[in-house]
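Trainee: what's the 3D shape of this:
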Amino acid sequence: MTVNRMILNETSYFGKGAIENIVPEIETRGFKKVVVVTDKGLIDFKVATKVTEMLDQANVSYDIYDGIVPNPTVQNVKDGVAFVEASKADAIVAIGGGSPIDTAKAIGIIMTNPEFSDVVSLEGTAATKNPSLPILAVPTTSGTAAEVTINYVITDETNHRKFVCVDPNDIPIVAFVDSDMMMGMPKNLAASTGMDAMTHAIEGFITKGAWELTDMLHLKAIEIIGRSLRDSVNEKQSAREEMALGQYIAGMGFSNVGLGLVHGMAHPLSAWYNIPHGVACAALLPTVMKFNKDFTGEKYRKIAEVLQVEAIETMSIEEARTAACEAIDQLSKDVGIPATIAELGVKSEDLPKIAEDAFKDVCTPGNPRDASISEIIELYQSLM
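Mentor: A predicted model of the protein is given here:
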């Protein structure tokens, strides 16, 4: 009998105004000083300052590390570790999308497991012994679910690659999922991170490690994202609140069962061309869904059902699978995702090496259909 594991946040707050619980959580837990890990854009656009103003009013001591880039690097992490050490903080408040929260996870792990200070040794399932320095996570995008997952991704610039770290010790102790923090997202970011969330839900639903509990989570996530993403892109707050919940539910699932080929192929695109992760996933999802469709049993029919495809119950299995792919393809087009990866700067001559990186990626083995390097090259070429 297979033993399945579920790891989730200790505490999470949801809804407009959730960040009002940050100071009480800091005080209740007895933290004396925090480092706010974020990026300069969120400071400049007065998003992260919604939190720092609360810290100011409560006289909570803090320093700000805002040197995070869209695809955080090994050097980002090393600089962050040095910053936190100098600050002498006893907790981290991570504010942002996947990049600041992922960076905070790596920093937090190294702070309590200094033998991994080279950062690259954290790849895969590193044998860390101690829980991370406590992290309180505040997402500002509706996509990565980094606030609830045991995963994080770092870019090794020296070797042109992204590596995935999977570590139960890195999960934030508290998450504050507040739609107010997401209203600052421009439309293109809402679209790409939202499609990233849909990718998480679909890949988590069909991955080889999926089971009944995660299937329940992923189907609900697909339903919520499918009905709210278009309105979220058009800056409707109620839809952004729904998206915040949908992406979190997807994270609850995929964090525990893994992903698949979309993420395996997206990671090297980001590493080679600095393409935002959500954009890469969104561009790949419809094509990889078609590649996988004959290896998914009845699951595509269930996807089509929650996406409210008409007459899905009367369709043959082949028709239902095609309908699910078409529904996702249409959603992608409706929110303005690029139709080709050539538009993102991908070069044909790089594809063989990129495909090798995708084949070796930690997410790829979870795909329901095994893919060879030559098949991955063909998938990339079909999107050029």
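Trainee: tell me the contacts of residue 318?
Mentor: Not one residue lies near residue 318 by C-beta atoms under 8 Å, 6 or more residues apart in numbering. No exception for glycine: its C-beta is placed from N, CA and C like everyone else's.
Trainee: what about the strands in the stretch 1-150 of the chain?
Mentor: Counting by DSSP state E, counting those that start in this stretch, the stretch 1-150 of the chain has strands at residues 11-14, 33-37, 61-65, 91-96, 135-139.
Trainee: Quick one, which of those strands gets closest to residue 229.
Mentor: Shortest distance between residue 229 and these, using C-beta to C-beta, is found for strand 135-139: 15.9 Å.
Trainee: mind listing what that closest one pairs with, with the direction of each?
Mentor: Sheet pairing for strand 135-139, assigned by DSSP bridges, gives strand 91-96 (parallel), strand 174-177 (parallel).
Trainee: send the alpha carbons of the helix or strand in which residue 326 is found over as CSV?
Mentor: Assigned by DSSP states H and E, residue 326 belongs to helix 317-334. Only the C-alpha atoms of helix 317-334 are listed here, as CSV (Å, rounded to 0.1, in the frame of the first residue of the first chain):
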residue,chain,number,x,y,z
ILE,A,317,-13.5,10.1,-24.1
GLU,A,318,-11.5,11.4,-27.1
GLU,A,319,-14.0,14.3,-27.6
ALA,A,320,-13.9,15.1,-23.9
ARG,A,321,-10.1,15.2,-23.9
THR,A,322,-10.1,17.5,-26.9
ALA,A,323,-12.7,19.7,-25.3
ALA,A,324,-10.6,20.1,-22.2
CYS,A,325,-7.6,21.1,-24.2
GLU,A,326,-9.6,23.6,-26.3
ALA,A,327,-11.1,25.1,-23.1
ILE,A,328,-7.6,25.8,-21.7
ASP,A,329,-6.3,27.0,-25.0
GLN,A,330,-9.2,29.5,-25.2
LEU,A,331,-8.6,30.7,-21.6
SER,A,332,-5.0,31.2,-22.5
LYS,A,333,-5.9,33.3,-25.6
ASP,A,334,-8.6,35.3,-23.7
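Trainee: residues in contact with the nearest residue to residue 348 once chain neighbours are set aside?
Mentor: Leaving aside its sequence neighbours, residue 348 sits nearest to residue 384 (C-beta to C-beta, 6 or more residues apart in numbering; 6.1 Å). By C-beta under 8 Å, 6+ apart, the residues touching residue 384 are 340-342, 346, 348.
Trainee: Around residue 330, count how many other residues there are.
Mentor: 12 (other C-beta atoms under 10 Å).
Trainee: Tell me the confidence at it?
Mentor: Looking at residue 330, its pLDDT reads 95.
Trainee: Quick check: it vs residue 266, distance?
Mentor: 21 Å (C-beta to C-beta, to the nearest Å).
Trainee: Apart from its chain neighbours, what residue comes closest to the residue positioned nearest the centre of the chain?
Mentor: Closest to where the C-alpha atoms of the chain average out (C-alpha atoms, centre = their mean) is residue 144, at 2.3 Å. Nearest residue to residue 144, sequence neighbours excluded (C-beta to C-beta, 6+ apart): residue 98, at 3.3 Å.
Trainee: how deep is the one you found tucked in, by neighbour count?
Mentor: Burial measure for residue 98: 27 neighbouring residues, criterion other C-beta under 10 Å.
Trainee: what do you get for the one 3 residues further on?
Mentor: Using other C-beta under 10 Å, residue 101 has 32 neighbouring residues.
Trainee: gap between the helix holding residue 326 and the chain center?
Mentor: Here helix 317-334 is found 23 Å from its chain centre; the criterion is C-alpha atoms, centre = their mean, to the nearest Å.
Trainee: Downstream of that helix, the next helix or strand is which one?
Mentor: Elements were assigned by DSSP H and E; along the chain past helix 317-334, the next helix or strand is helix 351-360.
Trainee: For that following helix, buried residues please.
Mentor: 351, 354-355, 357-359 (16 or more other C-beta atoms under 10 Å).
Trainee: Could you name the helices and strands sitting against that helix?
Mentor: For helix 351-360, the packing partners by 3 or more C-beta pairs under 8 Å, 6 or more residues apart in numbering; DSSP states H and E come out as helix 261-273, helix 373-382.
Trainee: just the angle between it and helix 261-273, please?
Mentor: 130 degrees (axes from the mean of the first three to the mean of the last three C-alpha atoms, to 10 degrees).
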